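Engineer: I need the structure of the sequence given here:
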Amino acid sequence: MATCSTSSDPADEVNDPGAAPYGNFINYYTFNPPENRLSLIPATLLQDLGCSAGRQTTLILDVGCNSGVCETEELSVALYKHLVQEPVCGEESDGSKVHLLGFDLDEALIQRAQQTNPLPSSISFIPLDITADTSQLQDYINQHNCSHFHLSLCLAVTMWVHLNHGDSGLLQLISRLASISQHLLLEAQPWKCYRSAARRLRKLGCSDFDHFKTLKIRGDIAEHAREHLERHCGMELIRSFGSTAWDRKLLLFRRK
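Structural biologist: Residues are numbered from 1 along each chain as shown. Model prediction:
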């Protein structure tokens, strides 16, 4: 498995992204700010998906949430504020009925997220390696008397699971998310990002990703993910929000 220091100085990790072989960059949102994605996602998305009508509890999952930094909101908080609309005068806010759970395998990043979380009644953060266990996610769903997450976000996570756990790890990740989600918003890194990640890791003198040279799923990773979701997971692509500034497609899937 790829090994490299995961606790280096923050400035070093910003300058050398390859220092985070699992994608757990300590200051990720300083070089990929939330607006890069939020500008493509309509603020009415929850309403469009029928997720915030009446007194229904709405659950959102942010996979690989990272933590953000004090100077700017990280994506989980920014996304929540983007999607949960402020009420007009005289109307009751439905924010208390929308709950977001963010998780990351890096406990230090999660601790940072917990300490800087401005909305603890609506947003929670937990350390979790989804490739090893999903029981905490199901427990969260059950605690809110729901059957699934209404919207799960898997943004720029697939490559790191793919590189560290191989083709089977990638497909397992996608299948697991589909099994607990009504809607899935997916941003899969293109193959050129794989080559760049491997090159940066070698440049830093770290061991190479175990699976990079043996991966059979290559090329258009977003298309491979779509095929797996539609053929094997009972989901269908319902909308593309275009591509981010980093040329990554934002694809929205729905359980059939």
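Engineer: From His148, how far out is Gly219?
Structural biologist: 31 Å (C-beta to C-beta, to the nearest Å). Using the backbone N, CA and C atoms, a C-beta is placed for each residue, glycine as well.
Engineer: give me the number of residues near Lys249?
Structural biologist: Neighbour count of Lys249, defined by other C-beta atoms under 10 Å: 20.
Engineer: List phi and psi for Arg242.
Structural biologist: Just so we're on the same page, residue 242 is Gly rather than Arg. The phi and psi values for Gly242, taken as degrees, to the nearest 10, are phi 90, psi -160.
Engineer: residue contacts, it?
Structural biologist: Contacts here follow C-beta atoms under 8 Å, 6 or more residues apart in numbering; on that basis Gly242 touches Leu40, Lys249, Leu250.
Engineer: what sits opposite Val63 in the beta ladder?
Structural biologist: Phe103, Cys154 (DSSP bridges).
Engineer: Show me where the chain dips below the pLDDT cut-off.
Structural biologist: For the chain, residues meeting the criterion pLDDT under 70 lie at 1-20, 23-34, 52-55, 67-73, 86-96.
Engineer: Where do the helices of it begin and end?
Structural biologist: 10-15, 28-31, 35-38, 45-48, 75-83, 107-116, 135-143, 158-179, 191-203, 221-232 (DSSP state H).
Engineer: of these, which approaches Leu215 most closely?
Structural biologist: helix 158-179 (5.9 Å; C-beta to C-beta).
Engineer: The closest one to helix 135-143, inter-axis angle?
Structural biologist: Put simply, helix 158-179 runs at 40 degrees to helix 135-143, going by axes from the mean of the first three to the mean of the last three C-alpha atoms, to 10 degrees.
Engineer: So for Gly219 and His148, which sits in the more crowded spot?
Structural biologist: Neighbour count, other C-beta under 10 Å: between Gly219 and His148, His148 has more, with 17 against 9.
Engineer: OK, contacts around the more buried one?
Structural biologist: By C-beta under 8 Å, 6+ apart, the contact list for His148 reads Leu59, Ile141, Ile180, Ser181, Gln182, Arg255.
Engineer: can you tell me which of these are in strands?
Structural biologist: Using DSSP state E, the members of these that fall within strands are Leu59, Arg255.
Engineer: Not counting sequence-adjacent ones, nearest residue to Glu230?
Structural biologist: Distances taken as C-beta to C-beta, 6 or more residues apart in numbering place Glu236 nearest to Glu230, at 5.8 Å, with adjacent residues excluded.
Engineer: can you count the residues close to that neighbour?
Structural biologist: Neighbour tally, Glu236, other C-beta under 10 Å: 13.
Engineer: One more: Thr44?
Structural biologist: Thr44 is flanked by 11 other residues according to other C-beta under 10 Å.
Engineer: same question, the one 5 residues further on
Structural biologist: Other residues near Leu49 come to 17 when the count uses other C-beta under 10 Å.
Engineer: same question, Leu45
Structural biologist: Leu45: 19 neighbours (other C-beta under 10 Å).
Engineer: cool, and Ala78?
Structural biologist: Ala78 - counted by other C-beta under 10 Å - has 18 other residues nearby.
Engineer: swap in His144?
Structural biologist: With other C-beta under 10 Å as criterion, His144 counts 13.
Engineer: Please name the residues that touch it.
Structural biologist: Thr57, Leu59, His99.
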